[in-house]
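In: got a predicted model here, sequence first, then my questions.
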Amino acid sequence: MKRMLLLVAATLFAASCATGPSRESNLVNRALDAIGGADSLAKVRTIHVKGTMKQWEPEQSMVPGGEMRFANEASFESVGDFSRRAVRVDWVKKFAYPSPRTFTFSEIVTPEAGYVIGVDSNGRNKQSLETKPAAHSMSGPRLATTQREMRRASPSLLLEMRNNPGKVRASPDVTLGGVAHPAASYDAGNYTFIVIFDPKSGLPARVRTLDYDNVWGDVNYDVVLSDWRMMGGVRIAASQNYELNGRVVTEVRITEVVANPAVAADRFEPPAAIKAGAAKPATGKVDYQWVLRRQFIGTYLDSDSVSFDTRATSSLRLAEIAPGVQHQVGGSHNTLIVEMSDFLVVMDAPVTDNQSVWTINAVKAKYPGKPVKYLVLTHHHMDHAGGIRAYAAQGATLVVGKGAGAHFRKALSSPSTRNPDVAARDFSNTPIVEVDGKYVISDGKREFTVHSVDNSHAAAYLIGYVPDARLAYVTDIWSPGRDPLPAKISSPLAALTAAVRKAGIAPTRFAGGHGSTGEYAPLAALAGN
């Protein structure tokens, strides 16, 4: 009898635990109380926020694996209307890299569509170029990414979690600074937020997503929330630092918050010319880090494809520019393919593995039975090296400049289980050759030579040359067919012509990692060669 009573008591206790508040709901409710209460937050119907921002891009460093390049500093004002479910952000962004310039533009974001008014990038799409004054609707990937980031740092995320307990899940504690922090995950649709709470204050300390980076593979992307202040009737994190695998890449400072200001409806009305056919948020595979970080440096091509402007063309393509030499073009970044007797040499693996897979499939069809044996990289920047795993999966040897080997060995040894384009595997044994001066790839009949270039764009930089076609390949320091030659020789162009002289090669043309092809003689004349 006693045993029976104990069993009944244990059953009742378990049932009471099962129906009581979960650990995760307690964390959310405590955080809501800490910022001023759910009721106070729910009373905010409109909001006006001012702030500043600074950003750095780690994979545009001068030296492989070196110090991040400062990208831009900005000021912004945003207005949000929760009844209209719309946000407008007015930006002034002053870019330092890849060249100094200022973009003043606005973003309008709704659940169904997003719009950009003004010029926000050097990589303008067809709609932006043709709309006067400049404006365009956001692509599906950009809209999905922008919506994600707006939710990430908003106190409303906690309210959303409280109102949707079925989407809140247990998450392991996260140790920060030697202290265990409780966490809860939230299924936000196309992605999951992991909210990490401060054990003392109960406030959210970080909001994390598990992202994929085209160089470093699986990464944590966090907003770190601190300096909590009463603004607009609730506590707001005045300091919001975004970390990529622990490195601060964005600093946001909130300077002013006004709750429930009057907001005119037309603040959220985009120009009529860009409303028709506006994309809905992308679902499934979204290259969040590519979308975010191309905006860091003001070169993002706002397109449903990360590789080409879907408003201007339907695909990448191969263009034969010499016998047995193909130039993959049609997008923002190009690749050179050189046919040898029984294998292929590819130069540059731009953007992501998605573009590399396209190129590999295209050259397999063009040159059946000839594998890609060598992948040569001009330099380490993420937009020209982001597709290396697809070639590593084919068994290609990676050829890089002197000093870049350790960087790529580390990258290829990093987990890549979230790669949407290439199945996860161990890439750490990928053969890597470092070039100091000159490297020759030969099949006994044709040669492809690789040459070092000292320049101010990136260390460990290489150009390629096909002697029998008198054709060379270059990225970034010259974009033949796209950028007209200046009246006076620039430092990058002088570096290229000096490298050509030093290498003793005699190109008549250059193909570019951007642009198309161009005659070398006018550049040589400009340099006084």
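Out: Structure's in. What do you need? Being a predicted model, the structure only gives us computed values, none of them experimental.
In: and the nearest residue to residue 381 once chain neighbours are set aside, how many neighbours?
Out: Distance criterion C-beta to C-beta, 6 or more residues apart in numbering; nearest residue to residue 381, sequence neighbours excluded, is residue 60 at 5.4 Å. Just so you know, the C-beta spots here come from the backbone N, C-alpha and C atoms, and that holds for glycine as well. Residue crowding around residue 60 was assessed by other C-beta atoms under 10 Å; the count is 22.
In: so who does residue 60 touch?
Out: By C-beta atoms under 8 Å, 6 or more residues apart in numbering, the contact list for residue 60 reads 68-69, 71, 97-98, 297, 381-382.
In: and residue 119, by the same measure?
Out: Contacts of residue 119 (C-beta under 8 Å, 6+ apart): 103, 105, 128, 134.
In: which of the residues you listed fall in strands?
Out: 103, 105 (DSSP state E).
In: now the two most distant members of the contacts of residue 119.
Out: With distances taken as C-beta to C-beta, the most widely separated pair in the contacts of residue 119 is 103 and 128, at 11.7 Å.
In: okay, the two: which has more neighbours?
Out: Ranked by neighbour count (other C-beta under 10 Å), residue 103 and residue 128 place residue 128 first, with 22 against 17.
In: for the more buried one, give me its contacts.
Out: Per C-beta under 8 Å, 6+ apart, neighbours of residue 128: 116, 119, 134-136, 302.
In: try it again at 6 Å.
Out: 134, 136 (C-beta atoms under 6 Å, 6 or more residues apart in numbering).
In: distance check, it against residue 316.
Out: 21 Å (C-beta to C-beta, to the nearest Å).
In: circling back: including distance to residue 489 and pLDDT, could the contacts of residue 119 go into TSV?
Out: As requested, the contacts of residue 119 are exported to TSV (distance: C-beta to C-beta, whole Å; pLDDT from 0 to 100):
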residue	distance to residue 489	pLDDT
103	28	98
105	33	98
128	31	98
134	32	98
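In: low-confidence ranges in this structure?
Out: The model of the chain has pLDDT under 70 over residues 1-20.
In: what about the longest strand in it?
Out: Under DSSP E, the chain gives strand 217-231 as its longest strand.
In: list the buried ones in that strand?
Out: Across strand 217-231, burial judged by 16 or more other C-beta atoms under 10 Å covers 217-219, 221-225, 228, 231.
In: before we move on, what about stretch 450-458?
Out: 450-453, 455, 457-458.
In: from these, which land in strands?
Out: 450-453.
In: which residues sit against stretch 152-164?
Out: In contact with stretch 152-164 (C-beta under 6 Å, 6+ apart) are residues 28, 31-32, 35, 41, 151, 168, 186, 207, 223, 240.
In: in TSV: these, plus secondary structure and distance to residue 398.
Out: Listed next are the contacts of stretch 152-164 as TSV, based on DSSP: H, G, I helix; E, B strand; the rest coil; distance: C-beta to C-beta, whole Å:
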residue	secondary structure	distance to residue 398
28	helix	47
31	helix	46
32	helix	50
35	helix	49
41	helix	51
151	helix	38
168	strand	43
186	strand	39
207	strand	36
223	strand	34
240	strand	37
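In: pick out the most distant pair among these.
Out: The farthest-apart pair in the contacts of stretch 152-164, when distances are taken by C-beta to C-beta, is 168 and 240, at 22.4 Å.
In: ok, and the closest non-adjacent residue to the residue nearest to the spatial centre of the chain?
Out: Nearest to the mean C-alpha position of the chain, by C-alpha atoms, centre = their mean, lies residue 290 at 1.9 Å. Excluding its sequence neighbours, the residue lying closest to residue 290 (C-beta to C-beta, 6+ apart) is residue 306, at 5.5 Å.
In: equivalent analysis for residue 508, please.
Out: Here the residue nearest residue 508, using C-beta to C-beta, 6+ apart, is residue 470, at 4.5 Å.
In: now residue 308
Out: residue 331 (3.6 Å).
In: same question for residue 357.
Out: residue 390 is the one closest to residue 357 (C-beta to C-beta, 6+ apart), at 5.2 Å.
In: count of residues packed around residue 102?
Out: 11.
In: over to residue 26?
Out: 14.
In: phi, psi of it?
Out: The phi/psi pair for residue 26 (degrees, to the nearest 10) reads phi -60, psi -40.
In: what about it, distance to residue 203?
Out: Taking C-beta to C-beta, one finds residue 26 at 14 Å from residue 203.
In: can you dump the C-alpha coordinates of stretch 93-109 into CSV?
Out: Taking Å, rounded to 0.1, in the frame of the first residue of the first chain, the C-alpha atoms of stretch 93-109 are listed here in CSV:
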residue,chain,number,x,y,z
LYS,A,93,26.8,55.4,-45.0
LYS,A,94,30.4,56.6,-45.4
PHE,A,95,32.5,53.8,-46.9
ALA,A,96,36.3,53.5,-46.5
TYR,A,97,36.7,50.3,-48.5
PRO,A,98,37.1,49.4,-51.3
SER,A,99,37.1,53.1,-52.1
PRO,A,100,35.9,56.2,-50.2
ARG,A,101,32.3,57.2,-51.1
THR,A,102,29.0,58.1,-49.3
PHE,A,103,25.6,56.5,-50.0
THR,A,104,22.5,58.1,-48.7
PHE,A,105,19.4,55.9,-49.1
SER,A,106,16.3,54.5,-47.4
GLU,A,107,15.1,50.9,-46.8
ILE,A,108,11.4,50.1,-46.4
VAL,A,109,10.6,46.7,-45.1
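In: show me which positions of that stretch end up buried.
Out: Neighbour-count burial for stretch 93-109 [16+ other C-beta under 10 Å]: 93, 95-98, 103, 105-109.
In: just those: which are in strands?
Out: Cross-referencing those against strands under DSSP E gives 93, 95, 103, 105-109.
In: can you give me the strands for the stretch 251-400 of the chain?
Out: 317-322, 325-329, 335-339, 344-347, 372-376, 397-401 (DSSP state E, counting those that start in this stretch).
In: so the residue nearest to residue 508 is in contact with residue 510, correct?
Out: No: when contacts are counted by C-beta atoms under 6 Å, residue 470 is not listed as touching residue 510 (10.3 Å).
In: thinking again about what came up before, which one of the buried residues of strand 217-231 is nearest to residue 355?
Out: Distances from residue 355 to these, taken as C-beta to C-beta, are shortest for residue 217 (17.0 Å).
In: chain neighbours aside, what residue packs nearest to the closest one?
Out: Counting by C-beta to C-beta, 6+ apart, the residue nearest residue 217 is residue 416, at 3.6 Å.
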